[in-house]
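S.K.: Pasting a predicted model and its sequence here:
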Amino acid sequence: MKKFIYGIAAVKFKDMILGYIEKGSFDWGGQKGESIDVDAEQVSGASVFTLVTKNGTISPTFNIIQLDYANLKACLGGTLVGSESEPTGWKAPSELVELRGEFNIDFVSGQTITIPNALLMSNLGGKLTLTEVSKLECQLKINAPEDGGSPYEINDTEEG
C-alpha cells in the first residue's frame, strides 16, 4: 500500500497528455465539507448533533507551460491552422466552448486520480518577458458522472 501521494507525472484529458505542468502550480482546490450544528436548550457548551449537508470537494488548478498548438486547442477549443499532424498555428474559438470529459492525473508516487466527468476551464495567462513563459491557467470543475458513480477515485497506476 502506498502511503504518500506526490509529484505530477502526467495530466491527461481524453487520453491526450497535456504537456509540462508549471512547477509548484498544482493545487487540489475545492472546499471543505459543510455541516449544520443542532443545539438544544437543555445542553450548553456543545451541540447535541451535527448534520452533514455536503461532502468536501476538489477542484484542481494547474498551469500548463508547454504551449504547442495541439495543447492550445485541447485546453481552449478553437481550430488548428495547417494539418492536424503538423499544425502551423491555432485560432481561438469564435463561439462558446465547453470542454468536458475524463481526466487522469498520474502521480510520480505511483497512483492515478481518475475524474470521469470534469469541465476544463482555462485561459491564456502569465507574462510576456524574457524571464517567464506564457501559460494556460487551468481549473477542473468536478461533476458527478452520468452513471451516478463516484466523482473521482485514486488507484495504483496501471503499468503499460
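M.R.: Thanks, I have it. Numbering: from 1, shown residues only.

S.K.: quick one: the helices in the protein?
M.R.: 69-76 (DSSP state H).

S.K.: phi, psi of the spatially most distant residue from the centre of the chain?
M.R.: Residue farthest from the centre of the chain, counting by CA atoms, centre = their mean, is residue 42 at 46.6 Å. The phi/psi pair for residue 42 (degrees, to the nearest 10) reads phi -80, psi -10.

S.K.: Next up, the contacts around residue 89.
M.R.: For residue 89, the contact set (CB atoms under 8 Å, 6 or more residues apart in numbering) comprises 69, 80-82. Every C-beta, even on glycine, is put in place using the N, C-alpha and C of the backbone.

S.K.: Of those - the most surrounded one?
M.R.: residue 69 (19 neighbours; other CB atoms under 10 Å).

S.K.: on that earlier part again, which of the contacts of residue 89 lies closest to residue 93?
M.R.: residue 80 (11.9 Å; CB to CB).

S.K.: my read: the closest one touches residue 93, true?
M.R.: No: using CB atoms under 8 Å, residue 80 is not in contact with residue 93; the gap is 11.9 Å.

S.K.: tally of neighbours for the nearest residue to residue 123 once chain neighbours are set aside?
M.R.: Among residues not flanking residue 123 along the chain, residue 137 sits closest, at 5.4 Å (CB to CB, 6 or more residues apart in numbering). Counted with other CB under 10 Å, residues neighbouring residue 137 total 18.
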